[in-house]
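J.: starting from these lines, generate the structure:
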Amino acid sequence: MALFGLFGGKEKKQQLEQGLDRSRTSFFGKLARAVAGKNTVDDDVLDALEETLVTSDVGVATTLKIIGRIQARVKRDGYMGTAELNGILRAEIAALMRDADHAGEPFKEAGAKPHVIMVVGVNGVGKTTTIGKLAHAYKQAGNSVVLGAADTFRAAAVDQLKIWGERVGVPLVQQGMGADPAAVAYDTVESAKAKAIDVVIIDTAGRLHNKVNLMNELTKVKQVMRKVIPDAPHEVLLVLDASTGQNAIEQAREFTKATQVTGLVLTKLDGTAKGGVAIGISDQFQVPIKYLGVGEGIDHLQVFHKQAFVESLFGAA
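T.: Presented below is the predicted three-dimensional model:
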């Protein structure tokens, strides 16, 4: 498949297929039961398909949209056999999903230096691991990278980021637990600008006392960085754990209200049968999925492309 030539070749294709194996097996087991003994797509099949999509964590709103589109096709064409349903379903799902703008070579930054990325998300979703993998990918693409430990509410967060920095071989700016997160972000960006670093990745607190505090803290971090680089951050990535299913959609809803999220990272796809949540998230929010976490390895971060995702979820046509 040509697109994998752009995004990592055969190895990445296999990683994605393996990462979606549990989701694919679960989804098609349910789909097979939904159409068992049926020759045409009638109301019973559509009802069963609706249940299949909802229980596959696609989400009610997106499921109803998919069912509505299939109903419209049945009405327009007058007849649809269940043998056609697989192909039509994959086409409708692909139409609902959205690609991120990965113009040029992924992870190769050619814009103004430094390129500042702020990473947000609740504790436990794989935020620190994602930052480490991102740092590795950018470094492998020839960029200099620095990390900023602005999640100062948990000592473990700073320690974990330090471990990842050492593993990847990139420096970390930190002030320790309890420090002002905005001050850490400011120091990181200021240092990166002075040293002509290519990419800055800022970690942020996973959870504050309430939504107002969360919004205020994220806004403050962004404002102080703009004192050094007026258009920073250039990206705000929200990390979501696919294994939490519908809870991931709720987290996306809250964080997109709290700050201007520019891209999503969906992690832990390899350990769950809830990969369908990617469909609902991509459809419901005007924010593209940029990356997928499909394993524990340092290079198990995939650039998201909807065609690759749908083909891996559905298998060979």
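J.: just the element for the residue positioned nearest the centre of the chain, please.
T.: In the chain, the centroid-proximal residue (CA atoms, centre = their mean) is residue 265; its distance is 2.0 Å. Secondary structure from DSSP states H and E places residue 265 in strand 263-267.
J.: report the mean per-residue pLDDT for that strand.
T.: Strand 263-267 comes out with an average pLDDT of 93.
J.: same question, stretch 185-193
T.: 96.
J.: can you check stretch 171-180 too?
T.: On average, stretch 171-180 scores 91.
J.: go on, stretch 301-314?
T.: 87.
J.: when you give positions from now on, start the count at 345
T.: New numbering, starting at 345: the last item is stretch 645-658.
J.: pull the CA atoms of it into CSV?
T.: Extracted in CSV, the C-alpha atoms of stretch 645-658 (Å, rounded to 0.1, in the frame of the first residue of the first chain):
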residue,chain,number,x,y,z
LEU,A,645,3.9,5.6,17.5
GLN,A,646,2.0,5.7,14.2
VAL,A,647,1.2,8.7,12.1
PHE,A,648,-2.6,8.5,11.7
HIS,A,649,-4.0,8.2,8.2
LYS,A,650,-7.7,7.3,7.9
GLN,A,651,-7.2,5.1,4.9
ALA,A,652,-4.6,3.1,6.7
PHE,A,653,-6.7,2.9,9.8
VAL,A,654,-9.9,1.7,8.0
GLU,A,655,-8.0,-0.8,5.9
SER,A,656,-6.3,-2.3,9.0
LEU,A,657,-9.6,-2.3,11.0
PHE,A,658,-11.5,-4.1,8.2
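J.: which parts of that stretch are buried?
T.: 645-650, 652-658 (16 or more other CB atoms under 10 Å). Backbone N, C-alpha and C define where each C-beta goes, glycine included.
J.: cool, and stretch 612-631?
T.: Going by 16+ other CB under 10 Å, stretch 612-631 has these buried residues: 612-629, 631.
J.: again with stretch 481-491
T.: Within stretch 481-491, the residues scored as buried using 16+ other CB under 10 Å are 481, 482, 483, 487, 488, 489, 490, 491.
J.: quick one: residues in contact with that stretch.
T.: Contacts with stretch 481-491, where a contact means CB atoms under 8 Å, 6 or more residues apart in numbering, come from 449-453, 458, 475, 479, 505, 508-509, 512-517, 532, 535-536, 539-547, 643, 645.
J.: any low-confidence regions in the chain?
T.: 345-353, 446-450, 453-455, 552-555, 660-661 (pLDDT under 70).
J.: is residue 492 in a helix, a strand, or coil?
T.: strand (DSSP: H, G, I helix; E, B strand; the rest coil).
J.: over to residue 634?
T.: strand.
J.: quick check: it touching residue 648?
T.: Yes. The pair residue 634 / residue 648 is scored as a contact, 5.7 Å apart, by CB atoms under 8 Å.
J.: common neighbours of those two, please.
T.: The contact lists of residue 634 and residue 648 share residue 444, where a contact means CB under 8 Å, 6+ apart.
J.: quick one: residue 511 from residue 359, how far?
T.: Look at residue 511 and residue 359: by CB to CB, to the nearest Å, they are 19 Å apart.
J.: then residue 520?
T.: According to CB to CB, residue 520 stands 36 Å off from residue 359.
J.: that older thread, contacting residues for the residue nearest to the centre of the chain?
T.: Contacts for residue 609 (CB under 8 Å, 6+ apart) come out as 465, 474, 581, 582, 583, 584, 633, 634, 635, 636, 637.
J.: next, count neighbours for the closest residue to residue 493 other than its chain neighbours.
T.: Spatial nearest neighbour of residue 493, excluding adjacent residues (CB to CB, 6 or more residues apart in numbering): residue 518 at 4.0 Å. For residue 518, the neighbour count with other CB atoms under 10 Å is 22.
J.: these two touch, right, residue 518 and residue 528?
T.: Yes. In this structure, residue 518 is within contact of residue 528 by CB under 8 Å, at 6.7 Å.
J.: hey, what's in contact with both of those two?
T.: 492, 493.
J.: those helices in this protein, which residues are they?
T.: Remark: helices assigned in the chain by DSSP state H are 346-350, 353-363, 365-379, 387-399, 404-421, 426-440, 471-484, 499-512, 525-538, 555-570, 590-602, 621-628, 650-658.
J.: between these, which one is closest to residue 576.
T.: Checking the helices of the chain against residue 576 by CB to CB gives helix 555-570 as the closest, at 4.2 Å.
J.: next, the buried residues of that closest one.
T.: So, applying 16+ other CB under 10 Å, buried residues of helix 555-570: 558, 559, 561, 562, 565, 566, 568, 569.
J.: can you name every helix or strand that that helix contacts?
T.: Here helix 555-570 touches strand 459-464, helix 525-538, helix 590-602, going by 3 or more CB pairs under 8 Å, 6 or more residues apart in numbering; DSSP states H and E.
J.: quick one: it to helix 590-602, angle?
T.: 60 degrees (axes from the mean of the first three to the mean of the last three CA atoms, to 10 degrees).
J.: quick one: helix 555-570 to chain centroid distance?
T.: Distance of helix 555-570 from the chain centroid (CA atoms, centre = their mean, to the nearest Å) equals 22 Å.
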